[in-house]
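sequence? don't have it. structure:
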């Protein structure tokens, strides 16, 4: 959510930003906010005047009564009563205007960074850099579900019976590999100075509205029937929500956190074969990284966060590339975003395995997160998040890039201590 002062002082900047995001239907919202804001401020000014007059006249009533000027005192009382009614009406209008302003401000997109490329959708995202040499082996790389089945590591049929499409049972060495990757990701981030968390897996609507836009919520979140609770789509939701309505000491910044959680997503829409299996599912697990920092440090942290994911994947010898998300592909709260994509030998292309985002002060403003500063005044911090790793999607990249021609899968050195010292998973079928 933008600062209302920015909309007042530079509405054309806000409108131009909306155009850059190809959301022209939202342009009228800016003028609506300006008009409502004027009405709100006029009402507040009138309320302040009435309160001042009421207090002044109320003080006179006692003096008039003491002087025996009963009629004048009664007239003053009637005047105060009339003011009280007008004041009550105006206060109700204030509340109404404030709510209407907020409703529109929650929809107006955040101001994107000047470095963001302009484009309509993800087809216009810009490749920045590649890390590692993508390899296509001489033998055929099977579909990822087939690889898992040959390792006797997945049961989709049972999951369909218990839960429907979009769910899975992992088992045996594949399940162990899944846990090993998460354990390694946890320790990888701890070694980089991040504090490890396991957060709540359900959050209230006030937190949901603070961390994401309404359209994202509708497409992603599962609501708990009969309760003000939602299943989290990522631990970022809980971790940023942790600071709701708090005043942080500046000495406490930056907050550098890494969190494990299951994630639950609706994943609305139909998808192709490569996005079936365990690529796009309703339930998965993830290791996340979150930073709360001073505004002037957020771009530096943005670079550090995506580099952490690149370094993690490269430590497992998986080739990756980074893509700068264009303006039309940015969610409304984001200032800048970058995707990390892993190489798929089967598809002979890269696919998304993580997303790094700088949200500026949008989440902090929505959630009421402030930083105390006596000299410059209290301010809203910037919030950032990035995926460390999200198996089982990452398992696809891992299995394809470590598959041998005999059907076995190599275990890189960093994972062996989590896999009982084994350096290979052997096929069972």
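Here it is on my side, so go on. All of these numbers come straight from a predicted model, not from anything done at the bench.

what about residue 119, distance to residue 324?
In this view, residue 119 and residue 324 are 10 Å apart by CB to CB, to the nearest Å. Every C-beta, even on glycine, is put in place using the N, C-alpha and C of the backbone.

pLDDT score assigned to residue 91?
pLDDT for residue 91: 87.

that older thread, who touches both of residue 119 and residue 324?
125-126 (CB atoms under 8 Å, 6 or more residues apart in numbering).

which residues sit in contact with residue 277?
143-145, 156, 396.

from the residues you listed, which land in strands?
Among the contacts of residue 277, no residue falls in strands (DSSP state E).

tell me the buried residues within those.
Buried by 16 or more other CB atoms under 10 Å: 144-145, 156, 396, out of those.

can you map out the helices along the stretch 301-429 of the chain?
362-367, 393-402, 413-416 (DSSP state H, counting those that start in this stretch).

dump the ones you listed to CSV, plus mean pLDDT.
Listed next are those as CSV, based on pLDDT from 0 to 100:
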stretch, mean pLDDT
helix 362-367, 95
helix 393-402, 93
helix 413-416, 96
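
just so I know, which of these lies nearest residue 256?
With CB to CB, the closest approach to residue 256 among the helices of the stretch 301-429 of the chain belongs to helix 362-367: 16.0 Å.

JSON lines for the helices of the stretch 301-429 of the chain, including distance to residue 18?
As requested, the helices of the stretch 301-429 of the chain are exported to JSON lines (distance: least, CB to CB, whole Å):
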{"stretch": "helix 362-367", "distance to residue 18": "15"}
{"stretch": "helix 393-402", "distance to residue 18": "33"}
{"stretch": "helix 413-416", "distance to residue 18": "45"}
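
for residue 258, which of these is the nearest?
helix 393-402 (15.8 Å).

low-confidence regions, the stretch 251-400 of the chain specifically.
For the stretch 251-400 of the chain, the stretches with pLDDT under 70 are 268-276.

hey, where'd the strands end up in it?
255-264, 283-293, 320-324, 336-344, 349-358, 370-372, 382-389 (DSSP state E, counting those that start in this stretch).

the stretch 1-150 of the chain: helices as residue ranges?
4-9, 11-20, 27-66, 70-105, 144-150.

save the ones you listed as TSV, and put in distance to residue 206 too.
Below are the helices of the stretch 1-150 of the chain laid out as TSV (distance: least, CB to CB, whole Å):
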stretch	distance to residue 206
helix 4-9	20
helix 11-20	25
helix 27-66	22
helix 70-105	13
helix 144-150	39
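
just those helices: most buried one?
Mean neighbours per residue, mean count of other CB atoms under 10 Å, is largest over the helices of the stretch 1-150 of the chain for helix 144-150, with a mean of 21.

who touches that helix?
Counting by CB under 8 Å, 6+ apart, 141-142, 154, 156, 170, 174, 276-279, 346, 395-396, 399-400, 403, 407, 409, 427-429 sit against helix 144-150.

ok so, going back, nearest to residue 181, of the helices of the stretch 1-150 of the chain?
Comparing those by CB to CB, helix 144-150 comes nearest, at 14.0 Å.

between the helices of the stretch 301-429 of the chain, which gets nearest to residue 27?
helix 362-367 (19.5 Å).

show me what that closest one is packed up against.
Using 3 or more CB pairs under 8 Å, 6 or more residues apart in numbering; DSSP states H and E, the elements in contact with helix 362-367 are helix 205-211, helix 235-241, strand 382-389.

okay if I get these as JSON lines plus mean neighbour count?
Output for the helices and strands packed on helix 362-367, formatted as JSON lines (neighbours: other CB atoms under 10 Å):
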{"stretch": "helix 205-211", "mean neighbour count": "20"}
{"stretch": "helix 235-241", "mean neighbour count": "26"}
{"stretch": "strand 382-389", "mean neighbour count": "27"}
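
arrange these in a markdown table, one row each, with distance to residue 87 as further columns.
Shown next, in a markdown table, are those (distance: least, CB to CB, whole Å):
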| stretch | distance to residue 87 |
| --- | --- |
| helix 205-211 | 30 |
| helix 235-241 | 37 |
| strand 382-389 | 39 |
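
mind checking which of the ones you listed is nearest residue 28?
Taking CB to CB, helix 205-211 is the member of these nearest to residue 28, at 22.4 Å.

what packs against that closest one?
Helix 205-211 packs on helix 235-241, helix 362-367, going by 3+ CB pairs under 8 Å, 6+ apart.

save these as TSV, and put in distance to residue 337 too.
Putting the helices and strands packed on helix 205-211 into TSV (distance: least, CB to CB, whole Å) gives the following:
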stretch	distance to residue 337
helix 235-241	13
helix 362-367	13
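
doesn't residue 267 make contact with residue 280?
Yes: here residue 280 lies in contact with residue 267, judged by CB atoms under 8 Å, at a distance of 5.3 Å.

what do those two both touch?
With CB under 8 Å, 6+ apart, residue 280 and residue 267 have common neighbours residue 166.

please report how far residue 368 lies from residue 380.
Residue 368 is 9 Å from residue 380, by CB to CB.

who has more neighbours out of these two?
Higher neighbour count among residue 368 and residue 380: residue 380, with 19 against 14, using other CB atoms under 10 Å.

for residue 111, grab the count of nearby residues.
With other CB under 10 Å as criterion, residue 111 counts 19.

so what's it up against?
Shown in contact with residue 111 (CB under 8 Å, 6+ apart): 2, 6, 13-14, 17, 335, 360.

repeat that for 10 Å
2-3, 6, 10, 13-14, 16-18, 20, 335, 360, 362 (CB atoms under 10 Å, 6 or more residues apart in numbering).
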